[in-house]
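Asker: A structural model of the following input is requested.
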Amino acid sequence: MTQQHPRRPLRRALPPWRRLLPTWRMTVGGLLGLLLLGIAGFVTLYLLVPVPDANAHAVAQSNVYYWSDGTTELARTGTVNREDIPIERIPADTQHAVVSAEDRSFYRNKGIDLKGMLRAAWLNLSRGSADGLQGGSTITQQYVKNYYLTQDQTVSRKAKELFIALKVDQQRSKGDILAGYLNSSYFGRNAYGIQTAARAYYGVDATALTTAQSAYLAALLQAPSAYDVRTATPANREKAIARWGYVLDGMVQLGFLDQPARAALTFPEPIDPQPAKSLGGQAGYLVDIADDYLAKTGVLDAATLKAGGWKITTTFDRTRQDALVRAVRQELTDELDPAARPATDTDIRVSGASVDPATGRMVAAYGGADYAAQPYNDALRQDNQIGSTFKPIDLAAALDSARTTQDGRRITTQTVYDGTSGRQVVGGPGAYAPPNEDSTDYGPITLRHAMARSVNSVYAQLGTDAGLPTVRDTAIRLGLPATVRGLDPANPSMTLGTATPSAVDLAAVYAALANHGQAIAPWTVQRLERPGLGAVPALPGHPARTAVSRGTADAVTDVLRDVISSRGTGAAALALGRPAAGKTGTTDGNLSAWFAGYTPELATAVGLFRENPKTHAKETLAGTAGYSRVNGGTFPTLIWTAYMTDALRGGRIQSFDLEPTRGNTQPPEPPSPAPGPSTTAPATPGPTAPSGTPAPSPSAPTGPSAPPPASPSRTATTAEPDAAAPSAGPASPSP
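Answerer: Have a look, this model is predicted:
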């Protein structure tokens, strides 16, 4: 029998869609081809991208700042302050601290860290920009960027950085790379390189740096200006110390430091910043403010700015700046007679800022007597309570939100409140009964009159009636930063000025009121150039935003005109001789005194405080020039008046164009005739007295606390009581 072969099974025809898909052989082949193509491209780029010469940063130019006219030079800065030192002179702990802070795989990687780059990319995608973008760059890449390339955030620059880093890692030792990085990095305080950083922060040579000091300098690399604990905000100081701890923990993790030694370390406080001698007088303060503006708006980071080559035209008007300095000297410095003044009078500090309400341009500022002697910029500091200069915000909040009193009456500027001192505030969180200054009882009193006399009990109740969250929101819309201390709606004392904005911030609020409720954030740079050194970033615009309605702003202005009257606490400002509105402020314990005010064309805030130069602790103003108490209606108002008189001299006298609103019914007191060129503000600061009781005449002392005789150019006036930020109430911060 013939054996039959089994039939092979018939191959089934493939469906049409299946023929469109590549086979596994095609897929594998394609992937291998792409891989080979990628490798070939990578090798080609590696061979083609050369290691360039050092960039222009090595021979950086100065930055030149100009006054608002764009031609008159204000200051020069930016010369690179750097002294290169070899790796042998850099302590091992300093080297290890920087590695722990910036690139913990430095001694293992080949110039780049793909794992770190992928991790950074994932963090950026998952967290967004809220926590700050992660770079993923190695120390070698950062050195390449600093020394060979630029700070430009472009794909081409980043690609070059990667290939050059690979080559540099092959051509140079890790010690050379680390030395190059440490010599080219910016540490803040105009210090490039570890040697100048050691001197700038600790006054020592780099060879003498301790482990704790090394860790702090390494921490600075992430945010040099923000992490300088001698000038940082409280929040940034906490971040800087946390970063210092992170560096030390990394040293332990990498085996560079024992845990017991790490636990024994305490934070090494750096020395005070030492100013550049070329920035003496007022120049350094104005440059600080311009630099702060560029940094906060994101136009230029600190490192790019310090690299030099920039031409910066500011908004500062030289004539008005000189007028502000002259006013401080005329009304305060000359009053503090060296032959008779107490020794503590040398610790008196003034902060000031002046803004054009219509444009937001800052035209003048006062940060201190001399930047070379006092590098702290008092115009920018946010640690002095503003007291009763906050009360216009309470009024604006109540009017703008159309609130009612506790008994249902609609709030207007003519609404009557109980002005009894120490009266319990109704409807607020917790028990709160702030006293009026000198415990003066006013009885039934309108909001208009209570503003002129700065009655605490009335405005504490008004702020509560308006709603504390509404008051806070109004303050922020008008120009106070949301981050300042004391702006807490859980604390009813906020209504009386526990907030701590800078003079610039306070001037912004009053400028918004002068501009009929349209707020423009103050700005200080009008032109930016960098000839021959690449593209220049665009400056931001300055749009106005509605903070409060025009009716509200104009009603507040109308009330504040009464403060500058014979019945108001700002009576000394009547000597300006033109329409003006403003508010005095004096804080609890007499730790600071303020006057903020405006004409239709200019808004200015002036603050006064005393600070111990060694401990930086705040001290009472009582006793200044022999006076028992220094209120906002004294030196701050005198300085404001003298400055505004000078700054506006020769200009057309303008009236407030107020929108008719219910409550705007009382005409202001006519101002006194404008003083002549040689006339000073005719008011002498002195001890305050209860309502209706004249203050003692400076020429007739009545006791140990009476002021010394007045100078011939001044005449005495009755001082009206001004409000103090209360110490009563829940969680009221100390001024």
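Asker: give me phi/psi at the closest residue to Gly175 other than its chain neighbours?
Answerer: Excluding the flanking residues, the one nearest Gly175 by CB to CB, 6 or more residues apart in numbering is Ile87, at 4.5 Å. For glycine as for every other residue, the C-beta is placed from the backbone atoms N, C-alpha and C. Main-chain dihedrals, Ile87, degrees, to the nearest 10: phi -60, psi -30.
Asker: Quick check: Ile87 touching Gln95?
Answerer: Yes - at 7.4 Å, Ile87 counts as touching Gln95 under the criterion of CB atoms under 8 Å.
Asker: Overlap of the contact sets of the two?
Answerer: Common neighbours of Ile87 and Gln95 (criterion: CB atoms under 8 Å, 6 or more residues apart in numbering): Leu178.
Asker: the more surrounded of the two?
Answerer: Gln95 (22 against 17; other CB atoms under 10 Å).
Asker: So for the helix or strand containing that one, what gets flagged as buried?
Answerer: Assigned by DSSP states H and E, Gln95 falls within helix 92-102. In terms of neighbour count (16 or more other CB atoms under 10 Å), helix 92-102 has its buried residues at 93-102.
Asker: With stretch 234-247 instead?
Answerer: For stretch 234-247, by 16+ other CB under 10 Å, it's 236-237, 239-241, 243-244, 247.
Asker: Equivalent analysis for stretch 641-661, please.
Answerer: 641-648, 656, 658-659, 661.
Asker: Same list (these) but as JSON lines, adding distance to Thr586.
Answerer: Formatted as JSON lines, these follow (distance: CB to CB, whole Å):
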{"residue": "Thr641", "distance to Thr586": "17"}
{"residue": "Ala642", "distance to Thr586": "20"}
{"residue": "Tyr643", "distance to Thr586": "20"}
{"residue": "Met644", "distance to Thr586": "20"}
{"residue": "Thr645", "distance to Thr586": "23"}
{"residue": "Asp646", "distance to Thr586": "25"}
{"residue": "Ala647", "distance to Thr586": "25"}
{"residue": "Leu648", "distance to Thr586": "26"}
{"residue": "Phe656", "distance to Thr586": "26"}
{"residue": "Leu658", "distance to Thr586": "28"}
{"residue": "Glu659", "distance to Thr586": "31"}
{"residue": "Thr661", "distance to Thr586": "29"}
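Asker: out of the residues you listed, who's nearest Gln274?
Answerer: Tyr643 (30.0 Å; CB to CB).
Asker: what's the helix or strand for the nearest residue to that closest one once chain neighbours are set aside?
Answerer: In this structure, Tyr643 finds its nearest non-sequential neighbour in Ala327, 3.8 Å apart by CB to CB, 6+ apart. Following DSSP H and E, one finds Ala327 within helix 318-328.
Asker: mind saving the C-alpha coords of that helix as PDB?
Answerer: Provided in PDB are the C-alpha atoms of helix 318-328 (Å, rounded to 0.1, in the frame of the first residue of the first chain):
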ATOM      1  CA  ARG A 318      17.900 114.500  40.100                       C
ATOM      2  CA  THR A 319      16.300 117.800  41.200                       C
ATOM      3  CA  ARG A 320      13.600 116.100  43.300                       C
ATOM      4  CA  GLN A 321      16.100 113.600  44.700                       C
ATOM      5  CA  ASP A 322      18.300 116.500  45.900                       C
ATOM      6  CA  ALA A 323      15.100 118.100  47.300                       C
ATOM      7  CA  LEU A 324      14.300 115.000  49.400                       C
ATOM      8  CA  VAL A 325      17.900 114.800  50.800                       C
ATOM      9  CA  ARG A 326      17.800 118.500  51.500                       C
ATOM     10  CA  ALA A 327      14.500 118.200  53.300                       C
ATOM     11  CA  VAL A 328      15.800 115.500  55.600                       C
END
